[in-house]
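Participant: Build the 3D model from these lines:
(one chain, ligands or ions: 1)
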Amino acid sequence: MASIVGVSSLYRSPCLELPKRALPYLSPSSEKPPFCGLRASATTRGCCCSLRSSRPTAAPPRLLVPSAVASPNSVLSEEAFKGLGDFSKSSLDGEEGEEEYYGSEEEEEEDAEGSAVGSEEELAIANLGLPEQLVSTLEKRGITHLFPIQRAVLLPALESRDLIARAKTGTGKTLAFGIPIIKRLTEDNDDRRISRRGRLPRVLVLAPTRELAKQVEKEIKESAPYLGTVCVYGGVSYNIQQNALARGVDVVVGTPGRIIDLINSNSLQLGEVKYLVLDEADQMLAVGFEEDVEVILEKLPSDRQSMLFSATMPGWVKKLARRYLNDPLTIDLVGDQDEKLAEGIKLYAIPTTATSKRTILSDLVTVYAKGGKTIVFTQTKRDADEVSMALTNSIASEALHGDISQHQRERTLSGFRQGKFTVLVATDVAARGLDIPNVDLIIHYELPNDPETFVHRSGRTGRAGKEGTTILMFTSSQRRTVRSLERDVGCKFEFISPPLMQEVLESSAEQVVATLQGVHPESIQHFLPTAQRLTQELGTNALAAALAHLSGFSQPPSSRSLISHEQGWVTLQLTREQGYSRGFFSPRSVTGFLSDVYPAAADEVGKIYLIADERVQGAVFDLPEEIAKELLNKQLPPGNTISKIMKLPALQDDGPPTDNYGRFSNRDRGSRGGSRERGHRSSRNWGSRDYDSDDGFRRGGRSYRTDNSWSRSSRGSNDDWLIGGRRSGRSSSFGSRDRGFGGACFNCGRTGHRASECPNN
Ligand SMILES: Nc1ncnc2c1ncn2[C@@H]1O[C@H](COP(=O)(O)OP(=O)(O)OP(=O)(O)O)[C@@H](O)[C@H]1O
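Facilitator: Predicted coordinates:
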């Protein structure tokens, strides 16, 4: 698990170049010894100071930029930050050598050498010669040492290099561009322009969503309150934004749609912009946004520094970026071969069915979030609403998507940040960039559209070195997509089963206990007399009743299938003693047995699985609660036992759910009908997915992969859910209302009739 403390780890050979060369490069007035904070290579390749600047660097007034030593394959080691992001062994699009690239092949080898002489001190922001105001505001926010991406970007950014930077989610990319830009703006203030009214912006940061734009604005404002920073985005009145721009501004952060509107109304002039940042660059350059970005770029001076940041940079982004960037330096702290997710994120995957999804969801939240914050990602706005509504019965939750008014979106996010409710159900509008403290659990209620979205969604937890958990829910038909996801993201899921009711009850109780610990002692005093009376009357039952109520279990939990996890179903086990067997024991034996003992049970039986233990002749199967009760009261033929079970025994063929199982289930005939329809719709709906864009209207999304394998499978899975989810009620009713006999005759073994109707009788 990565830890922020990792920052204090030592790396071995500190850069020897920078102290000599970089003094003027950093703050001329600083008396602190500057250093680059990067280990010099044990080989001949040198540290960041030898990064080649292959074009003249635009030195700001009073900043002397040293002419760097040419070293095309400059290498930096990240020993000190292991866990927060490793340097890659390959370039973003595999075209090494074509461009300057920041990564190492011999890193591991180097890491084994040398002695630990670098120190926390060397990474201390206070030692870098940054403007004092900046150092002090960062320190107040607990930011005292550079994170790896910040360290890697600082010098090239100050050298005015165009950059393409990739680092994992939550590793501090905002300040990676923020710190050098703020330094330049602060020092480039000879003419006191920072306070001048009507000054035009020198920095433009483009972000794909309003929430992200606001967050970047906040980060810059908090780090440099003395700069004029204005955020412009759609969904709110123009006036306030226009007035703020008119007063004079240093940094504009915004979403493309509103920026274009403000340019067109002449409220925003970009003629003095010196620094352009595309945050979440791959999304900014995806179809739909790219045209807007191009319109904006046309308004910018060509003599500017451009920087692209994201946790994901598919190859096409880099190719496209060449059109906008000038001899860019690529800084890649992710690498193509390695896991793309931030470390410290535990990954689980859980097989579900469309009908059991919602029940499982609330159980997962209860058991895995342990009272912390959860974000549930859905594909569509409608699903976000519906899932949030369904959850609200048991857990406080709210929905966030592009159809919700901007005002409400802001209120929702702020309520979530403040912990007023603990589950946010969102479309991918919340997948990128949002930095919300203490999000412990991410649930992909629906498979993401592409691996990049999976990385960004999951990256809302495990930020800045913290731990987090991600759970992917999938149906059996989506198994292949899950495997592709593992391959594309370089991760491995641990496959889990739905939590048992006992676990849910225990977790709920624990959370209530944690909440009780926060009750103010004075409040307790008010309730003490009643508590004492109740304890005398009811003993510990009084406290248990209070816990049950506060856990949301005033009524006993409804019965639930251990197989499908659907409510209202019970899982029973049939075992047959040796010697009573009528031949080979199979699922047909179960349906035949049921039709003899209680035909209603044979009609309604759900999934049937054989017990794995070869010494036991038996199976488990699902029945509706009422039917199960009746069956348990029936007289059974000798040698047979039926009991209600609380835990599944080991089952043959991996147990539920697979595509093969349930062949003997009546209910399954319905779902097979459903899957025909799924197949029919799967490819068509891909383009019309209900995707949120910044400005609340649909934008297309680039299909990131060229081989289509991911896209195709996720298209299928997307629609699978669209149909499965919305029609879940119908799907489950197909089987149970269809009274045709789905089992096999106990007599002749053929399907379609009961033993009592067997023509062979
Ligand atoms: N040097 C630092 N020390 C401590 N905390 C930091 C440092 N730099 C950034 N942070 C904090 O780390 C968190 C994550 O930063 P940020 O949102 O910039 O990550 P990111 O890499 O842009 O993530 P994403 O890819 O999800 O957009 C923020 O809360 C930020 O304030």
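Participant: need the contact list for residue 279.
Facilitator: Residues near residue 279 by CB atoms under 8 Å, 6 or more residues apart in numbering: 173-174, 177, 205-208, 212, 216, 309-310, 433. For the C-beta atoms, the positions are set from N, CA and C on the backbone; glycine is no exception.
Participant: Next one: residue 606 from residue 360, what distance?
Facilitator: 16 Å (CB to CB, to the nearest Å).
Participant: Apologies, that question was intended for residue 433.
Facilitator: According to CB to CB, residue 433 and residue 360 sit 29 Å apart.
Participant: Residue 554: neighbour count?
Facilitator: By other CB atoms under 10 Å, 9 other residues sit near residue 554.
Participant: what's the nearest residue to it if we skip its chain neighbours?
Facilitator: In space, and not counting its chain neighbours, residue 554 is closest to residue 548: 6.4 Å by CB to CB, 6 or more residues apart in numbering.
Participant: helices or strands up against the strand or helix carrying that neighbour?
Facilitator: Here residue 548, judged by DSSP states H and E, is contained in helix 540-550. Contacts defined by 3 or more CB pairs under 8 Å, 6 or more residues apart in numbering; DSSP states H and E place helix 540-550 against helix 501-517, helix 521-538.
Participant: Pick out the most distant pair among the contacts of residue 279.
Facilitator: Spanning the widest gap among the contacts of residue 279 are 177 and 208, at 15.6 Å by CB to CB.
Participant: partners of the helix or strand just after the helix holding residue 548, with directions?
Facilitator: As assigned by DSSP H and E, the chain's next helix or strand after helix 540-550 is strand 569-576. Note on strand 569-576: by DSSP bridges, its sheet partners are strand 617-624 (antiparallel), strand 640-644 (antiparallel).
Participant: from the ones you listed, which stretch is densest packed?
Facilitator: Highest mean neighbour count of the strands paired with strand 569-576: strand 617-624, a mean of 23 (counted as mean count of other CB atoms under 10 Å).
Participant: so where do the strands sit in the stretch 301-450 of the chain?
Facilitator: 305-310, 329-332, 345-351, 373-377, 397-400, 423-426, 439-444 (DSSP state E, counting those that start in this stretch).
Participant: Now that we have those, can you turn them into a markdown table and tack on mean pLDDT and distance to residue 289?
Facilitator: Compiled in a markdown table, these are given as follows (pLDDT from 0 to 100; distance: least, CB to CB, whole Å):
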| stretch | mean pLDDT | distance to residue 289 |
| --- | --- | --- |
| strand 305-310 | 96 | 13 |
| strand 329-332 | 93 | 21 |
| strand 345-351 | 95 | 27 |
| strand 373-377 | 97 | 20 |
| strand 397-400 | 95 | 20 |
| strand 423-426 | 96 | 19 |
| strand 439-444 | 97 | 23 |
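Participant: need those strands in a markdown table with distance to the ligand and mean neighbour count, can you?
Facilitator: Listed next are the strands of the stretch 301-450 of the chain as a markdown table, based on distance: least, CB to the nearest ligand atom, whole Å; neighbours: other CB atoms under 10 Å:
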| stretch | distance to the ligand | mean neighbour count |
| --- | --- | --- |
| strand 305-310 | 7 | 26 |
| strand 329-332 | 13 | 26 |
| strand 345-351 | 12 | 21 |
| strand 373-377 | 12 | 27 |
| strand 397-400 | 16 | 24 |
| strand 423-426 | 14 | 28 |
| strand 439-444 | 11 | 24 |
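Participant: Any chance of JSON lines for these, columns distance to residue 579?
Facilitator: JSON lines is the format used below for the strands of the stretch 301-450 of the chain (distance: least, CB to CB, whole Å):
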{"stretch": "strand 305-310", "distance to residue 579": "67"}
{"stretch": "strand 329-332", "distance to residue 579": "68"}
{"stretch": "strand 345-351", "distance to residue 579": "37"}
{"stretch": "strand 373-377", "distance to residue 579": "52"}
{"stretch": "strand 397-400", "distance to residue 579": "55"}
{"stretch": "strand 423-426", "distance to residue 579": "54"}
{"stretch": "strand 439-444", "distance to residue 579": "49"}
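Participant: where does the stretch 601-750 of the chain have low pLDDT?
Facilitator: Low-confidence segments of the stretch 601-750 of the chain (pLDDT under 70): 653-750.
Participant: circling back to that earlier point, identify whichever of the strands paired with strand 569-576 lies nearest to residue 514.
Facilitator: Closest among these, using CB to CB: strand 640-644, at 32.4 Å.
Participant: quick one: contacts of that closest one?
Facilitator: 570-577, 580, 593, 628, 631-632, 636.
Participant: Quick check on these: which are buried?
Facilitator: Taking 16 or more other CB atoms under 10 Å as the criterion, what is buried in those is 570-576, 593, 628, 631, 636.
Participant: Quick one: low-confidence residue ranges for the protein.
Facilitator: 1-119, 122, 190-195, 337, 581-582, 653-761.
Participant: which bits of it sit near the ligand?
Facilitator: 143, 145-147, 150, 167, 169-175, 311, 433, 435, 459, 463-464 (CB under 6 Å from any ligand atom).
Participant: quick one on the thing from earlier: in CSV, list the strands paired with strand 569-576 along with distance to residue 523.
Facilitator: Below are those laid out as CSV (distance: least, CB to CB, whole Å):
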stretch, distance to residue 523
strand 617-624, 45
strand 640-644, 42
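Participant: wait, which of these is closest to residue 505?
Facilitator: strand 640-644 (17.3 Å).
Participant: export that closest one as PDB, just CAs?
Facilitator: Extracted in PDB, the C-alpha atoms of strand 640-644 (Å, rounded to 0.1, in the frame of the first residue of the first chain):
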ATOM      1  CA  ASN A 640     -34.400 -37.900   1.700                       C
ATOM      2  CA  THR A 641     -33.800 -34.800   3.800                       C
ATOM      3  CA  ILE A 642     -34.600 -31.200   3.000                       C
ATOM      4  CA  SER A 643     -33.400 -28.300   5.100                       C
ATOM      5  CA  LYS A 644     -33.100 -24.600   4.900                       C
END
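Participant: The stretch 151-300 of the chain: strands as residue ranges?
Facilitator: Taking DSSP E, counting those that start in this stretch as the test, the strands found in the stretch 151-300 of the chain are 163-166, 203-206, 229-232, 251-254, 275-279.
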